[in-house]
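[1] give me the fold of what follows.
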Amino acid sequence: MLNTKEVINELKNIIDTDNISAVTISNPIKKTEGMTAKVKAKPVIVKGELMYQLSSFVGDKVYHKNVMPKEIIERIIAVEENNFKQCEIKANISCTVLMNKKRQFTVTGVKENMDNSVNTQHDHVKNYILA
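    Sure, this is the predicted structure:
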């Protein structure tokens, strides 16, 4: 079991923060109306600079916030520590970060990720069935 600082250091050692393709933070501790149901993060290019867009799903609304790559790991763990039990990270490796009731973390399922293809453009072309 790891505390907050230890899990951040471990994730920084095993994950290349410039190659994170997707993050899903889910399984809220308290399931009440008006609370965030899950948080997703994906890479986007904003004004020629790599950023990560955090999308918080609250009811039928989605709130977005852009985060710099150097602080994405801290932000992910902070969001998980506040309200969620699990987090799945896909980058150069795939792993799952689990949190127990005592706010201790476990990093599981660490394996090499072969598929890193992701569209990072902010205004990407949508694929419709009919043109």
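[2] ok, now which ones touch Asn3?
    Arg103, Gln104, Phe105 (Cβ atoms under 8 Å, 6 or more residues apart in numbering). C-beta coordinates here come from the backbone N, C-alpha and C atoms, glycine included.
[3] now it, what are its backbone angles?
    With angles defined as degrees, to the nearest 10, Asn3 sits at phi -90, psi -180.
[4] repeat for Lys5
    The phi/psi pair for Lys5 (degrees, to the nearest 10) is phi -60, psi -40.
[5] now swap in the one 10 residues further on and tell me
    Reported as degrees, to the nearest 10, the phi and psi values for Ile15 are phi -110, psi 130.
[6] and it, what is it in contact with?
    Ile73, Ile89, Ala91, Asn92, Ile93, Cys95.
[7] what's the neighbour count on the fifth one?
    Number of residues near Ile93 (other Cβ atoms under 10 Å) recorded here: 16.
[8] verify the stated contact: it with Lys111.
    Yes - applying Cβ atoms under 8 Å as the test, Ile93 and Lys111 come out as touching, 6.5 Å apart.
[9] show the pLDDT at the spatially most central residue of the chain.
    Geometric centre of the chain, nearest residue: Val23, 2.9 Å, by Cα atoms, centre = their mean. Note on Val23: pLDDT of 93.
[10] Thr108 too?
    Model confidence at Thr108, expressed as pLDDT, equals 90.
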